[in-house]
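Visitor: Here is a sequence together with a model predicted from it:
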Amino acid sequence: MRIYFLIITVLVITSSLLAQGIDSNDCKRSDLSQSEMNSCAKQKSEQADKNLQEMLQELITKIRDWKDQAEKLQDWQSVKEFELEEKAFLESQRRWIDYRDAECKFIGLFYGGSERPMYVYSKRAELSSERVKGLMQLLNRSE
């Protein structure tokens with residue numbers, strides 16, 4: 001009896017580790033287990049978050065560059081405006097993250113069991129990708 005328990009435990013741990021380490025290319029397969037689909041959705045969400053962080057950094061850098069240019073020109077009114085813009089942008093992003101996380105939590109209420117992480121991660125990736133697109137439009141307008 002103990003040997004069966006040991007074998008089952010090893011199989012569960014091994015399959016769990018394999019699912020966590022799934023290659024992003026494998027995510028295109030149609031025969032994924034639920035655990036693998038969850039892992040793929042998590043990877044997609046993490047990539048979307050990384051893209052969002054890069055876009056945020058790019059926008060903050062742009063605002064700070066404008067502020068530096070205004071300082072060189074001794075345009076103190078513009079310097080103050082850029083400082084307010086940066087502060088407003090950071091506050092907006094903080095609130096947007098709160099919204100995104102609340103929306104994902106809400107979505108998770110409708111899905112139970114082992115599929116819940118997949119839906120939550122997928123929604124998080126979708127919202128983060130949409131945010132990147134919106135911020136990219138702002139950045140392109142300002143150039």
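Guide: On my side now, so go ahead. Being a predicted model, the structure only gives us computed values, none of them experimental.
Visitor: Please count neighbours and contacts with C-alpha atoms only from this point.
Guide: Will do.
Visitor: immediately after the least confident helix or strand in the chain by mean pLDDT, which helix or strand?
Guide: None of the helices or strands of the chain scores lower by mean pLDDT, DSSP states H and E than helix 2-20, at a mean of 42. Heading C-terminal from helix 2-20, the first helix or strand you meet, by DSSP states H and E, is helix 34-72.
Visitor: Packing partners of that next one?
Guide: Contact analysis of helix 34-72 by 3 or more CA pairs under 8 Å, 6 or more residues apart in numbering; DSSP states H and E lists helix 2-20, helix 76-108, helix 116-142 as its packing neighbours.
Visitor: Next, the buried residues of the longest one.
Guide: It stands for helix 76-108. Ser78, Val79, Phe82, Glu85, Glu86, Phe89, Ile97, Arg100, Asp101, Cys104, Gly108 (16 or more other CA atoms under 10 Å).
Visitor: For this protein, give me the ranges with low pLDDT.
Guide: By pLDDT under 70, the low-scoring segments of the chain are 1-25, 142-143.
Visitor: Point me to the residue sitting closest to the centre of it.
Guide: With distances taken as CA atoms, centre = their mean, Asp49 lies nearest the centre of the chain, 2.4 Å away.
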